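Participant: Got a predicted structure here, sequence first:
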Amino acid sequence: EGRDVLLASSFLMQLSRIYYAFKLALERTFSEITFVEHTHNKPWTLASPGDADKMLSHAYAIYLPEHPYKNYFNDLYALGLPMFLPTVDFLSSLWPELQDIDKTETYDGWFHRGIPRTRLRPPDVADADALPEPFNLSTDAQAKVRSWMHWADYFQFPGDR
């Protein structure tokens, strides 16, 4: 009670209609809560106890990643800061809308279309060839995100359900 909530996202989301609507809905629905937005437009560090204390001063974090793996998530998790994470369905709608800052195309993040195509067969998938390639979110992004995100750290760590 009385503590701010960390809205941890990326500067890439600042131009997203979905992110803006989500943030606005949070602020209007929970008007008594102060949401402190950290968008990675400036460096963060946990090099000192004071840095960790600053993060832990928040009641919890609402964490919105822009691609499947972020060290920032691991830092917040290691601190034991309670987190609310988006669903795969929400991310599958949000990520195709994010724009690359250097090009006029969808931001691919770790789904980058320039990564060489090597296919590994997950042991628990009978027909790995039926999975869409996780590259180029400009094409069939929702299906790609839904197929691949359940293997991301965000949905594997204990307590992340």
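Facilitator: Cool, got the structure.

Participant: where along the chain do the strands fall?
Facilitator: For the chain, applying DSSP state E gives strands covering 5-8, 35-38, 61-63, 83-84.

Participant: any low-confidence regions in this protein?
Facilitator: Low-confidence segments of the chain, defined by pLDDT under 70: 1-2, 40-43, 110-131, 134, 159-161.

Participant: Point to the residue nearest the middle of it.
Facilitator: The structure's the chain has its C-alpha centroid closest to residue 65; by CA atoms, centre = their mean the separation is 1.3 Å.

Participant: and it, how far is that from residue 12?
Facilitator: As defined by CB to CB, to the nearest Å, residue 65 lies at a distance of 10 Å from residue 12. Any C-beta I mention is one placed from the backbone N, CA and C, and that applies to glycine too.

Participant: what's the answer for residue 84, then?
Facilitator: For residue 84, the distance to residue 12 - CB to CB - is 20 Å.

Participant: Could you check which of these two is surrounded by more residues?
Facilitator: residue 12 (21 against 10; other CB atoms under 10 Å).

Participant: I figured that one hits residue 101, correct?
Facilitator: Yes - the pair residue 12 / residue 101 is scored as a contact, 7.0 Å apart, by CB atoms under 8 Å.
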